[in-house]
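> Here's my sequence, what's the structure:
(chains A and B)
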Amino acid sequence: MAEADLLDIRRKKLDELESSGIDPYPRRFEVETTVATLRGLYESWEEERLQEEEPRARLAGRIVAQRGHGKAGFADLENGDQRLQLYVRQDVLGEEAFALWQQIDVGDFVGIEGAMMKTRSGELSVRVDALTLLSKALRPLPEKWHGLKDTEIRYRQRYLDLLANPEVRETFKTRAAIIRGLRAHLDSHGFIEVETPMMQPVYGGAVARPFTTHHNTLDLDLYMRIAPELYLKRLLVGGFQRVYELNRNFRNEGISTLHNPEFTMLEFYAAYWDYGRMMDFAEELLTTVIETVVGSVDLEFQGQTISFKRPWARIPITQALVEIGGVPEELLSDTEALRAWLVERKVPVEEMSHGYMLDAALGRLVQPQVTSPLFVTHVPREASPFSKTVPDEPEVAERFELFCGGLEVANGYSEINDSREQRLRMEEMAVNRPPDVPAMDVDEDYIHALEYGMPPAAGIGFGIDRLVMLATDSASIRDVILFPLLRPKS
RNA sequence: GGGCCGUUAGCUCAGUUGGCAGAGCACCGGCCUUUUAAGCCGGGUGCCGCUGGUUCGAUCCCAGCACGGCCCA
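A predicted model of the protein is given here:
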């Protein structure tokens, strides 16, 4: 039947209900229990005991299936994630309420009251003796057996995806559990959660292209933040010793299975730590959260088994490129030979400086091959504009990137707290940036802040969406973001 | 930006070597007071993504476009 006809039929039912004095959208319903509670209480009872004691139940939910039997019928009521069968009989409910029952469609919300029972086949059910319509649905729900598969509808109308596909609800519960776990761990280790500007007059803290916007009253161009980094470090100047922010970043770049223009980042900073101490803490944090959420330190991701069991390997980038990426060792110090070798392997490094080239090679040749967590350290200085350098190795940053399941999951370093050094590095970045990233201004206000003194510190950023992908075995970032950006349909 | 694939009923999907468009679920009518993917009988689903072209005739072939997916950049 055409969609318009299906809608017409339900609108007609709605009109009939209203003209017979029934409010199809009442204000409230006093709920006394849930399906989960009822199952917990009575699932184990024998039918005879239920018959004798006839415990009462009053609850509400959505009708998700109906099986009519003339002057009786069965239906499945869903609330939370659980379903409970309703048994509706005209002789129990009365003629008037049964007539209402016959107007109920799959998708409607109802409130019911009745006695707990078990059917012949032993299914816990409620023998309904009072029925209240709580909300009339006008559109048909997706099909009950195959669910909703059309990816476009799943993303554009996520509510239908959640409605039809229980595993999608699980994914987003896992997402919430991960975020809860991260906060709990940080909170219990003396970190305080802060909120810093998402609209910034000068953007920074990462190498990326920003979104721009404008404040009318101030007549001020602003950037959506690409990272909270520089504001969080201002807070270290201000005397906070451990801070974190878990919120959205915005990058005006491509969309892929790994990239959404807005994504969720956890960044935190700890005074008096260096990058080594931060790696220790990152291991502890992630292992704890994964174990809490997944129930094990091992998990399956896209056909591979990832073990988060500590300790995690730590190797310098040069070793990673040679041993994992297969880069001939003698090319590492020969910029042009390395460039030719990489271009031959379709790594786009034509216009990159040596340091960014190594970083690009890391992403292309090493990252996809990493299964269990691996810290790659000693990243080139020029690709790391906020990292301190390794003592006696001015070309190498005290920085690590964390890879896992073929994804880049985190990135951290010993923070530059020497204002003179920071200015030089920001100026250097303007020259040596990757070709697709616009020039960034030196953030004078940030340099000014550093001049008041910032304690030695280490910081890290975690891509939360990717962590959720790992924990839920999701192949695309769109499967872990409730409303991923899609091109609007005209 | 490029390549490949997809778009058919509300949902899940068939299909047509180019000749009236199909199934299951859902829906509507009838029967049915312990079913559970209830069952039985009957019924209609539609801009075959959009715009052009080729053709006597296009859902099918061709081109362009839109949206989506995967891969590459």
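> quick one, strands of the stretch 201-350 of chain A?
A:212-215, A:220-224, A:242-250, A:262-271, A:298-301, A:304-307, A:313-316 (DSSP state E, counting those that start in this stretch).
> what's in contact with the longest one?
In this case it means strand A:262-271. Residues outside strand A:262-271 that contact it (C-beta atoms under 8 Å, 6 or more residues apart in numbering) are A:182, A:186, A:191, A:227-229, A:232-233, A:235-236, A:241-251, A:277-278, A:281, A:415, A:455-465, A:477, A:481, A:485. C-betas here are computed from N, CA, C, even on glycine.
> CSV for the strands of the stretch 201-350 of chain A, including mean neighbour count and mean pLDDT?
CSV is the format used below for these (neighbours: other C-beta atoms under 10 Å; pLDDT from 0 to 100):
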stretch, mean neighbour count, mean pLDDT
strand A:212-215, 11, 95
strand A:220-224, 16, 95
strand A:242-250, 20, 97
strand A:262-271, 22, 97
strand A:298-301, 16, 94
strand A:304-307, 14, 94
strand A:313-316, 15, 97
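> now the contacts of strand A:262-271: which count as buried?
Neighbour counting by 16 or more other C-beta atoms under 10 Å classes A:182, A:186, A:191, A:227-229, A:232-233, A:235-236, A:241-247, A:249-251, A:278, A:281, A:415, A:457-465, A:477, A:481 among the contacts of strand A:262-271 as buried.
> Domain map for chain A?
Here the domain assignment for chain A is A:3-141, A:162-479, based on automatic domain parsing.
> Of those domains, which is nearest RNA strand B?
Closest approach to RNA strand B among these (C-beta to the nearest atom of the strand): domain A:3-141, 2.4 Å.
> So for that closest one, first residue to last residue, what's the gap.
Between the opening and closing residues of domain A:3-141 we find a distance of 12 Å, counting by C-alpha to C-alpha, to the nearest Å.
> Please list which of the contacts of strand A:262-271 are also close to RNA strand B.
With C-beta under 7 Å from any atom of the strand as the criterion, the contacts of strand A:262-271 include none near RNA strand B.
> Please flag which of the residues you listed sit within helices.
Cross-referencing the contacts of strand A:262-271 with the helices (criterion: DSSP state H) gives A:182, A:186, A:229, A:232-233, A:235-236, A:277-278, A:281, A:464-465 as the overlap.
> and the residues you listed as CSV, adding pLDDT?
Listed next are the ones in helices among the contacts of strand A:262-271 as CSV, based on pLDDT from 0 to 100:
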residue, pLDDT
A:Leu182, 98
A:Leu186, 98
A:Glu229, 97
A:Leu232, 98
A:Lys233, 98
A:Leu235, 98
A:Leu236, 98
A:Arg277, 98
A:Met278, 98
A:Phe281, 98
A:Ile464, 97
A:Asp465, 97
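> Tell me the one of the residues you listed nearest A:Glu152?
A:Asp465 (20.1 Å; C-beta to C-beta).
> right, and that closest one touches A:Asn260 too?
Yes. Taking C-beta atoms under 8 Å as the contact criterion, A:Asp465 and A:Asn260 are neighbours in contact, 6.9 Å apart.
> Who does A:Leu374 form a beta bridge with?
When bridges are called by DSSP bridges, A:Leu374 pairs up with A:Ala313, A:Phe403.
> Tell me where the model's unsure across chain A.
Residues of chain A meeting the criterion pLDDT under 70: A:1, A:490.
> same thing but at 80, please
For chain A, the stretches flagged by pLDDT under 80 are A:1-2, A:144, A:430-441, A:489-490.
> Tell me which residues touch A:Ile179, please.
The contact partners of A:Ile179, by C-beta under 8 Å, 6+ apart, come to A:246, A:464.
> pretty sure it is in a helix, no?
Yes. Applying DSSP: H, G, I helix; E, B strand; the rest coil, one finds A:Ile179 inside a helix.
> I'd like to know the phi and psi angles of A:Val126, please.
The phi and psi values for A:Val126, taken as degrees, to the nearest 10, are phi -110, psi 130.
> can you check A:Gln200 too?
Its backbone dihedrals place A:Gln200 at phi -130, psi 140, with angles given as degrees, to the nearest 10.
> Now do the buried residues in stretch A:425-438.
By neighbour count on 16+ other C-beta under 10 Å, the buried set for stretch A:425-438 is A:425-426, A:429, A:432-434, A:437.
> Let me see the contact set for A:Phe400.
A:275, A:278-279, A:314, A:375-377, A:379, A:411-413.
> Just say which of the domains of chain A is most tucked in.
Of the domains of chain A, the one with the most neighbours on average (mean count of other C-beta atoms under 10 Å) is domain A:162-479, at a mean of 18.
> Quick check: end-to-end length of that domain?
For domain A:162-479, the first and last residues are 11 Å from each other (C-alpha to C-alpha).
> ok so, going back, quickly list what's touching both of A:Asp465 and A:Asn260.
A:477, A:481.
> one step back: could you save the strands of the stretch 201-350 of chain A as CSV and add columns showing distance to A:Glu351?
Output for the strands of the stretch 201-350 of chain A, formatted as CSV (distance: least, C-beta to C-beta, whole Å):
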stretch, distance to A:Glu351
strand A:212-215, 24
strand A:220-224, 24
strand A:242-250, 26
strand A:262-271, 27
strand A:298-301, 34
strand A:304-307, 34
strand A:313-316, 25
